[in-house]
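Engineer: I would like the atomic coordinates for the input below:
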Amino acid sequence: KASKDSVVELGAIFKETLKMVSPFMPFISDFLYHKLSGTTLEDGDSLMIMNFPKDIKKDENIENMFSVIEEAIISIRRAKTLIDMGNSKIAKAYVRLHIYKNAENADSKAFIEKLAKVEEIVFVDEKQENCITDVSDYLEVYIPTGEIDMTPIINKLTKQQEKLEKEIAKLS
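Structural biologist: Residues are numbered from 1 along each chain as shown. Presented below is the predicted three-dimensional model:
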């Protein structure tokens, strides 16, 4: 979703994944591998006789950064649904990281802005005032309420409160 330049890299990742899936789904993985490679089974080697990938390296920093990016996107989306702006683009959101401070970089910022539909992400070190807040394992998200008309949201919550109070009265 982030850029069209990444399609080639995603194809390469998918081809390597097909090698790992081959023992469990041999025919479909072989078919897809050759489709992606632009070859046929007659022209190239089958995945069934290729070596299983051995040099699978883990980069803890990248995995941690990805976890933070993923959690920030989910948290911003969750906070936006509280103010009935679930699929709308918002101007600004603040992110306060508890751990993995190395995720505060331009790459992660670009992904969060694109996928959470936020024009500007600002990483902060302290709680922001007058904001809708969502708290996650690794971070807190703050969406400023200054430009948001809170009247419909307050009315909706008031109606919900009245409905719940009536229900409690019935049960009592």
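
Engineer: show me what the host helix or strand of K19 is in contact with.
Structural biologist: Secondary structure assignment for K19, by DSSP states H and E: helix 7-21. Contact with helix 7-21 is made by S29, L32, Y33, L36, S37, L47, M50, F52, P53, as judged by CB atoms under 8 Å, 6 or more residues apart in numbering. Quick note: C-beta positions are derived from backbone N, CA and C, even for glycine.

Engineer: separation between the closest residue to M50 other than its chain neighbours and D55?
Structural biologist: The shortest distance from M50 to any non-neighbouring residue, by CB to CB, 6 or more residues apart in numbering, is to K19 (6.3 Å). To D55, K19 is 12 Å away according to CB to CB, to the nearest Å.

Engineer: the more surrounded of these two?
Structural biologist: K19 (15 against 4; other CB atoms under 10 Å).

Engineer: hang on, V95 in a strand?
Structural biologist: Yes: with DSSP: H, G, I helix; E, B strand; the rest coil as the criterion, V95 is part of a strand.

Engineer: where's it relative to K57, distance?
Structural biologist: Taken as CB to CB, the span from V95 to K57 is 28 Å.

Engineer: swap in N105?
Structural biologist: 21 Å.

Engineer: helix or strand: which one has the residue nearest the centre of the chain?
Structural biologist: Residue closest to the average C-alpha location in the chain (CA atoms, centre = their mean): E70, at 3.5 Å. Counting by DSSP H and E, the element that carries E70 is helix 60-82.

Engineer: can you list the neighbours in contact with that helix?
Structural biologist: By CB under 8 Å, 6+ apart, helix 60-82 touches 86, 88, 90, 93, 95, 97, 100, 102-103, 105, 107-108, 111-112, 115-118, 121, 132-141, 143, 153.

Engineer: check stretch 89-108 too.
Structural biologist: Contacts of stretch 89-108 (CB under 8 Å, 6+ apart): 61, 64-65, 67-69, 72, 76, 79-80, 112, 116-128, 131, 137-144, 147.
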